[in-house]
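**Q** fold the following for me, if possible:
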Amino acid sequence: MNRISAIKIAPSILAADFARLADAVAEAEAAGADAIHVDVMDGQFVPNITVGIPVVAALRRITRLPLDVHLMIVQPERHIRAFAEAGANYLTVQVEACVHLHRVLQTIRSLGLRAGVALNPATPPVMISQVLNDIDLVLVMTVNPGFSGQTFIPGMVAKIAEVRRMLDEAESLAELEVDGGINPQTAPLVVRAGARMLVAGKAIYGAREGVAAALRALRQAAERELEAVLFGKESQVPVIS
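**A** Predicted coordinates:
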């Protein structure tokens, strides 16, 4: 399959062993990951605290992969330049945390980064309707953000499809990414709905078979479904209820 139309997979280091983070990233890179997903949490926007600017800078030194940095923090505009200087490639902000979303996205892009906007499960897609041509990525959260290893919310499939429709109608080139409970069973569902960039944590870093085998299984499941979509075939994956 042409990789231009293929799936991108971004392993989330939130599920990795932080005592050997460099090894975890190297394993993902060697296994063919397309990016490394970095969840930045401040304990205010979400109830957890994770990593920040120094970790992004450290990751930049050890990998050539794009760093897909998701800011789950209040007032993200205060830290955009610092994350850009640390080496982020994608910088995604939560629509719920941005009073002046358009300005924030403009700032991210002005620093040479790809600008993303994320939607929490309870946030309707209409909240990004005015910035569809000002973004490079939309991230639909398929769990409530804050912790790794949560269960996929089935109702988000329809939401992904709605965002896909909005992007297509606006002729936006933004990538559609999903994060939360993504594994070989749920990946086909979000791919059929229109997602092409998948964030996976526990399914990759918590897999008994190891990072390489887990990433390969996830990609195969997702790309099989994408091939079915492209050739107009029905999905063979049961709906999760």
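
**Q** only C-alpha atoms from now on, for both contacts and neighbour counts.
**A** Noted.

**Q** wasn't R224 part of a helix?
**A** Yes - assigned with DSSP: H, G, I helix; E, B strand; the rest coil, R224 falls within a helix.

**Q** skipping its backbone neighbours, what lies nearest it in space?
**A** Distance criterion C-alpha to C-alpha, 6 or more residues apart in numbering; nearest residue to R224, sequence neighbours excluded, is P188 at 7.9 Å.

**Q** thought that neighbour was touching V229?
**A** No - P188 is beyond contact range of V229, at 10.0 Å (criterion: C-alpha atoms under 8 Å).

**Q** which one of the two has more residues nearby?
**A** The neighbour count for P188 versus V229, taken as other C-alpha atoms under 10 Å, is higher for P188 (29 against 17).

**Q** so which helix or strand takes in that one?
**A** Per DSSP states H and E, P188 falls inside helix 187-193.

**Q** give me the nearest residue to G52, chain neighbours excluded.
**A** Closest to G52 by C-alpha to C-alpha, 6+ apart is V40, at 5.9 Å.

**Q** got the CA coordinates for the one helix or strand that neighbour maps to in PDB?
**A** Per DSSP H and E, V40 falls inside strand 36-41. Presented in PDB, the C-alpha positions along strand 36-41 are these (Å, rounded to 0.1, in the frame of the first residue of the first chain):
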ATOM      1  CA  ILE A  36       6.600   9.700  19.200                       C
ATOM      2  CA  HIS A  37       3.600  11.000  21.100                       C
ATOM      3  CA  VAL A  38       4.400  13.000  24.200                       C
ATOM      4  CA  ASP A  39       1.600  13.800  26.700                       C
ATOM      5  CA  VAL A  40       2.300  16.900  28.700                       C
ATOM      6  CA  MET A  41      -0.100  17.200  31.700                       C
END
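
**Q** name the helices or strands packed onto that strand?
**A** strand 8-11, strand 67-72 (3 or more C-alpha pairs under 8 Å, 6 or more residues apart in numbering; DSSP states H and E).

**Q** buried deepest among those strands, which one?
**A** strand 8-11 (a mean of 26; mean count of other C-alpha atoms under 10 Å).

**Q** how far out from the middle of the chain is whichever helix or strand comes after it?
**A** As assigned by DSSP H and E, the chain's next helix or strand after strand 8-11 is helix 21-30. Chain-centre distance of helix 21-30: 18 Å, with C-alpha atoms, centre = their mean, to the nearest Å.

**Q** go on, stretch 217-234?
**A** Distance, stretch centre to chain centre, for stretch 217-234: 19 Å (C-alpha atoms, centre = their mean).

**Q** where do the helices of this protein begin and end?
**A** With DSSP state H, the ranges of helices along the chain come out as 21-30, 53-62, 80-86, 101-110, 156-169, 187-193, 202-205, 211-230.

**Q** would you turn those into TSV with distance to S12 and mean pLDDT?
**A** Output for the helices of the chain, formatted as TSV (distance: least, C-alpha to C-alpha, whole Å; pLDDT from 0 to 100):
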stretch	distance to S12	mean pLDDT
helix 21-30	9	98
helix 53-62	13	98
helix 80-86	17	98
helix 101-110	22	98
helix 156-169	20	98
helix 187-193	15	98
helix 202-205	8	97
helix 211-230	12	96
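
**Q** tabulate those (JSON lines), appending distance to V237.
**A** Shown next, in JSON lines, are those (distance: least, C-alpha to C-alpha, whole Å):
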{"stretch": "helix 21-30", "distance to V237": "26"}
{"stretch": "helix 53-62", "distance to V237": "36"}
{"stretch": "helix 80-86", "distance to V237": "39"}
{"stretch": "helix 101-110", "distance to V237": "36"}
{"stretch": "helix 156-169", "distance to V237": "13"}
{"stretch": "helix 187-193", "distance to V237": "7"}
{"stretch": "helix 202-205", "distance to V237": "18"}
{"stretch": "helix 211-230", "distance to V237": "9"}
